[in-house]
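S.K.: Attaching a predicted model along with its sequence, questions to come.
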Amino acid sequence: MQYLVNVIHHRSNDGTAEEGVAIDAFNDRLRAGGHWVFAAGLADPAVSTVVDGRGDEPVFTDGPFVETKEWAAGFWIIEAPDLDVALALVAEGSKACNRRLEIRPFL
Amino acid sequence: MVASLAKRFGNLGTAEDAAAEAFTTAAERWPAAGVPPNPGAWLTTTAARKAIDQIRREHKRDGKHEEAQRMYGAPPEPPGAIDDDRLRLIFTCCHPALAIEARVALTLRMVGGLSVPEIARAFLVQDTAMGARITRAKAKIAAARIPYRVPSAADLPGRVSGVLAVLFLIFNEGYFASGPGTAPVREDLTGEAIRLARLLRELLPGDGEVTGMLALMLLTDARRAARVSTARELVPLDEQDRGLWSTALIAEGHALVRERLASGLAPGRYQLLAAINAVHTDGDATDWTQVVALYDHLLRLDGSPVVRLNRAIAVGERDGPQAGLALVDDLGPHLSGYHAYHAARADLLRRLNRADEARDAYDAAIALAGNTAEIAFLTRRRDAT
């Protein structure tokens, strides 16, 4: 079973060096336990582009689709046998990156 | 039955559908063919067959033949495993990733076997909203893969409070059935709640709130025989025949309350409610001064309008109806839709000889009440006022 873990971000400042170290250590534990699938940080939503290819010609629009107070600053994809295992890992991850996390199962 | 099916087939939806189908089949067949010698076993076997049929159909679509083979070949559960199944099912239904309302509703539906309208009444919400809440919770269990097992030792204490809230609601629905179509007291539900509370205490003997919950249930259930008259009317505490109370349950409940007092640890909500019921069942009459003091303590943990109402009723007994009514009237904005608020007002107004207002309050209480024995009691009181 795979789960997407979104990093909920609402501040303008970037992560600190200490957070970076803690995240690296957490990622090592994910790999050692066989839970690692993928992880990445994301650029600020201000540099995003919305694409609508449903019409004859694709339309490109600058900026985020909606203005929100919170957005995803990064994500993990983890492998876990069930939600209890996943929640225990994500609680550790939340401590490591010093942010709230949202977990959603893959279909 | 749903619990053991869910364990065997690993899917709550399948288990519940299969149980429902088995009951439907029984309703069609039994009137003509006669009730089989062991109806319970017949239902379980039929439900298991229906579940296997459903899984076969699904597996044909999915092509998961291996898993199907494993399920069909699974040996039958040993008889003692059913208790463990129930507990596993409770922890799944009470999982913290579900909203608290959903946990309670789901457990009442899946473990307690209550109908959706009964659960809706217990929460004062519409049937359709409750149905949607349960469906959504089941969908989340399946999609997010909430496991079907008792949590690890480390997680266990934190998962217990949600389970206790659920058991308390099951017990209350049994002790004070909310529906017009059921008996006023449903021993199947009170018995089930007590059985589950005993199981939980075996699992967590050091958890004060688990012990408090069991004591609360025992001390309440001890009065069951005196609580409804032969005319199927609710009998108020001060008019109950104490000779009908169960001395065995009272002794067991008091021993549990003493055990918690001896621990020296600060009591939680259920331990305080148990202590209140220990006072009710101690001696020849309730010591209302002690009850008010315990409600004062409880109010510091839970300042909800319902706790304030119960404290106000106790104050009305200790200091007289005028003092009680002043406190009850303050709660009108919060509790005008709650039958017990109007019933408490009616009783206090009656004792103050304010007959017209008392009758109006009885009418309001009767209109909102669901328990048949309570309606009968309130109606007689109104007509005598």
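M.R.: Yes, it's here.
S.K.: Now do the contacts for the closest residue to B:Ala231 other than its chain neighbours.
M.R.: Of all residues not flanking B:Ala231 in the chain, B:Ala376 sits nearest, at 7.1 Å (Cβ to Cβ, 6 or more residues apart in numbering or on different chains). Placement of C-beta: from N, CA and C, glycine included. By Cβ atoms under 8 Å, 6 or more residues apart in numbering or on different chains, B:Ala376 lies in contact with B:Ala231, B:Arg232, B:Glu233, B:Leu234.
S.K.: And for the closest residue in space to B:Leu301 that isn't next to it in sequence, the neighbour number?
M.R.: Nearest non-adjacent residue to B:Leu301, counting by Cβ to Cβ, 6+ apart: B:Arg269, 5.5 Å away. Neighbour count for B:Arg269, taken as other Cβ atoms under 10 Å in any protein chain shown: 20.
S.K.: Let me see the contact set for B:Arg269.
M.R.: Applying Cβ under 8 Å, 6+ apart, the residues near B:Arg269 are B:Glu209, B:Gly212, B:Leu298, B:Leu301, B:Asp302.
S.K.: now those residues: which count as buried?
M.R.: B:Glu209, B:Gly212, B:Leu298 (16 or more other Cβ atoms under 10 Å in any protein chain shown).
S.K.: Out of the residues you listed, which is nearest to chain A?
M.R.: B:Glu209 (22.1 Å; Cβ to the nearest Cβ).
S.K.: follow-up on the earlier one: using CSV, lay out the contacts of B:Ala376 together with secondary structure, neighbour count and pLDDT.
M.R.: Below are these laid out as CSV (DSSP: H, G, I helix; E, B strand; the rest coil; neighbours: other Cβ atoms under 10 Å in any protein chain shown; pLDDT from 0 to 100):
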residue, secondary structure, neighbour count, pLDDT
B:Ala231, coil, 10, 90
B:Arg232, coil, 13, 91
B:Glu233, coil, 19, 94
B:Leu234, strand, 22, 94
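S.K.: ranges for the strands of chain A?
M.R.: A:2-9, A:36-41, A:49-52, A:59-62, A:71-79, A:100-105 (DSSP state E).
S.K.: Present the ones you listed as TSV; the columns should include mean pLDDT and distance to chain B.
M.R.: Output for the strands of chain A, formatted as TSV (pLDDT from 0 to 100; distance: least, Cβ to the nearest Cβ, whole Å):
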stretch	mean pLDDT	distance to chain B
strand A:2-9	94	8
strand A:36-41	94	16
strand A:49-52	88	28
strand A:59-62	88	32
strand A:71-79	92	12
strand A:100-105	96	5
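S.K.: Give me the most central residue, the chain.
M.R.: By default, I'm working from chain A. Nearest to the mean C-alpha position of chain A, by Cα atoms, centre = their mean, lies A:Phe75 at 1.7 Å.
S.K.: try again with chain B
M.R.: B:Ile170 (1.4 Å).
S.K.: now stretch B:196-209, how far from the centre of its chain.
M.R.: 17 Å (Cα atoms, centre = their mean, to the nearest Å).
S.K.: One more: stretch B:111-128?
M.R.: The chain centroid and the centroid of stretch B:111-128 are separated by 11 Å under Cα atoms, centre = their mean.
S.K.: Equivalent analysis for stretch B:217-234, please.
M.R.: Here stretch B:217-234 is found 16 Å from its chain centre; the criterion is Cα atoms, centre = their mean.
S.K.: Looking at chain A, what residue ends up closest to chain B?
M.R.: Closest point on chain A to chain B, by Cβ to the nearest Cβ, is A:Asp82, at 4.0 Å.
S.K.: Backbone torsions only: list them for that residue.
M.R.: phi -160, psi 180 (degrees, to the nearest 10).
S.K.: Identify the residues contacting B:Ala132.
M.R.: Contact analysis of B:Ala132 by Cβ under 8 Å, 6+ apart lists nothing.
S.K.: so which helix or strand takes in it?
M.R.: helix B:127-143 (DSSP states H and E).
S.K.: any idea of the mean pLDDT in that helix?
M.R.: Mean per-residue pLDDT for helix B:127-143: 93.
S.K.: sorry, back to before: thought the residue of chain A closest to chain B was touching A:Met1?
M.R.: Yes. Shown here, A:Asp82 and A:Met1 form a contact pair, counting by Cβ atoms under 8 Å, at 6.7 Å.
S.K.: which residues are in contact with both of the two?
M.R.: Counting by Cβ under 8 Å, 6+ apart, the common neighbours of A:Asp82 and A:Met1 are B:Arg145.
S.K.: Find the nearest non-adjacent residue to the residue in chain B that chain A sits nearest to, please.
M.R.: Relative to chain A, the nearest point of chain B is B:Pro147 (4.0 Å; Cβ to the nearest Cβ). Spatial nearest neighbour of B:Pro147, chain neighbours left out: A:Asp82 (4.0 Å); criterion: Cβ to Cβ, 6+ apart.
S.K.: Just give the number of residues close to that neighbour.
M.R.: 15.
S.K.: What is the burial count for B:Leu249?
M.R.: Neighbour count for B:Leu249, taken as other Cβ under 10 Å: 19.
S.K.: make that B:Ala361, sorry
M.R.: 25.
S.K.: B:Leu244 and A:Asp84, how far apart?
M.R.: B:Leu244 sits 46 Å away from A:Asp84, going by Cβ to Cβ, to the nearest Å.
S.K.: more crowded one of these two?
M.R.: Ranked by neighbour count (other Cβ under 10 Å), B:Leu244 and A:Asp84 place A:Asp84 first, with 21 against 13.
S.K.: so the nearest residue to the more buried one once chain neighbours are set aside, which of the three states?
M.R.: Nearest residue to A:Asp84 in three dimensions, chain neighbours excluded: B:Pro147, at 5.2 Å (Cβ to Cβ, 6+ apart). Here B:Pro147 is coil, with the state taken from DSSP: H, G, I helix; E, B strand; the rest coil.
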